[in-house]
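Asks: Sequence and computational prediction follow.
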Amino acid sequence: MEKIVIRAATFFIGKSSNIREEYQLGVEVLGRISEIAKELNLEVFTKRISMQSLSMDELVKLPDIASDKDILVSAGYVSLRRIGVRDAEYLTSNGVYIPVLPSLGDFTIDDARHFSRIIHGVAEKDPLNATRIAIGFHNESFHTPYFPDSSSRGVRSIGLSFLYPDMLETNNISSLSNSIRNAFRLFNNIAQVIENNIGYPVSIDYSLSPWMEKSVVKILESLGYSLLEPGANYILHVVNNLIQKHYDPRRAIGFNEVMLPYAEDSLLIKYGGMGLIKARDFLRYASTCVAGVDMIIVPSGIEKLARLVMDTYSLGLVKSKPIALRAIPVNNKPGEKISLGKFGEPFVIEY
């Protein structure tokens, strides 16, 4: 059996006036988690620290505070109407992740255009920087180890997510259900060991997410359904229900659904290169699962992206579940490849 992979081990900082001290505590806690993982023969894919919502003065100090480049840092929720292009460029170019929260009660097309301008400004400097910013349509209490849409509630705790497509049996729905149940039991045991050793509460986002060849789309296709044909939303619904059936509600935080980030699943990227999938298709998937519109790489166009943001916002209202959007607008045509750092060379897709 392959090593179990902790996709994200995230330390949520406590409420404190000393952000630097909280960050250093997070570094220590994550170091201890790495030691425990080694003892348990686990792989930790990424280590992360999630801040509480900060003032702009505190935000701009984060790159200096976040000195350990092996640890990803989220700035905590930032109001859309108080962040501009320059601050977003500065933070993302220095490796800081930004979860942007709009005002849901009076969100307008002008707000969407403002966010689109921010994303375009960030991506123009370096497309990789745009992977570090997302807009989330939910309230401030939402809590997940998944970046960029991650923020602390001000209580020290630990959040885990796991990379587990290769742990699942996909001969039929029954075997998939059994393997999800067994995987979640292992995850719960790991969380309990970490909690016992470190002393902070440990929660899990049980979402099924891909990383390149560890493909979620491959699982769906093994069950006899293609994302490109009728039945896609049905099988997403089935898998979502299995996740909901088997997770431990006492530990669950975040999304706990199927995730389909375009530039993180090798089959999605392949379909993008063949012109078989478009950005707007992810809205259809998101109507059933938490795919949202995540990691899409699209041609630059402030108005088009703003309207896609509005579509995502509208879907979130109807769905009444947290949903987010992360996009990378580039000066390339659909079908062309771009260089995107650790994400390789994914294809640009149409809106």
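Replies: Alright, I've got the coordinates. Numbers count the residues shown, from 1 in each chain.

Asks: how long is stretch 43-56 end to end?
Replies: One end of stretch 43-56 to the other measures 35 Å (Cα to Cα, to the nearest Å).

Asks: my bad, stretch 92-106
Replies: Stretch 92-106 has its terminal residues 27 Å apart, counting by Cα to Cα.

Asks: any idea of the mean pLDDT in that stretch?
Replies: The pLDDT scores in stretch 92-106 average 95.

Asks: Any buried residues in it, and which?
Replies: Neighbour-count burial for stretch 92-106, counted by 16 or more other Cβ atoms under 10 Å, picks out 92, 96, 97, 98, 99, 100, 101, 102. Every residue, glycine included, has its C-beta placed from N, CA and C.

Asks: Quick one: residues in contact with that stretch.
Replies: For stretch 92-106, the surrounding residues in contact (Cβ atoms under 8 Å, 6 or more residues apart in numbering) are 62-63, 66, 69, 72-81, 83, 88, 91, 111, 115, 118, 122, 125-126, 129-130, 132-140, 147-151, 313.

Asks: Go through the residues you listed and flag which are in helices.
Replies: When DSSP state H defines the helices, the subset of those inside them is 62, 63, 88, 91, 111, 115, 118, 122, 125, 313.

Asks: Reformat these as a markdown table; add distance to residue 240 and neighbour count.
Replies: Listed next are these as a markdown table, based on distance: Cβ to Cβ, whole Å; neighbours: other Cβ atoms under 10 Å:
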| residue | distance to residue 240 | neighbour count |
| --- | --- | --- |
| 62 | 35 | 24 |
| 63 | 37 | 15 |
| 88 | 32 | 26 |
| 91 | 33 | 24 |
| 111 | 29 | 19 |
| 115 | 27 | 25 |
| 118 | 31 | 24 |
| 122 | 31 | 26 |
| 125 | 37 | 15 |
| 313 | 21 | 20 |
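
Asks: Mind listing residues that contact stretch 186-204?
Replies: Here stretch 186-204 has contacts from 4, 6, 11, 29, 32-33, 36, 40, 42, 143, 156-162, 206, 247-248, 251-253, using Cβ under 8 Å, 6+ apart.

Asks: do that again at 6 Å, thanks
Replies: 32, 36, 156, 157, 158, 159, 160, 162, 248, 251, 253 (Cβ atoms under 6 Å, 6 or more residues apart in numbering).

Asks: With stretch 23-39 instead?
Replies: When contacts are defined by Cβ under 6 Å, 6+ apart, stretch 23-39 is touched by residues 9, 11, 44, 47, 49, 65, 68, 194, 197, 198.

Asks: mind listing what's buried in it?
Replies: For stretch 23-39, by 16+ other Cβ under 10 Å, it's 23, 25, 26, 27, 29, 30, 33, 34, 36, 37.

Asks: try stretch 154-163
Replies: So, applying 16+ other Cβ under 10 Å, buried residues of stretch 154-163: 156, 157, 158, 159, 160, 161, 162, 163.
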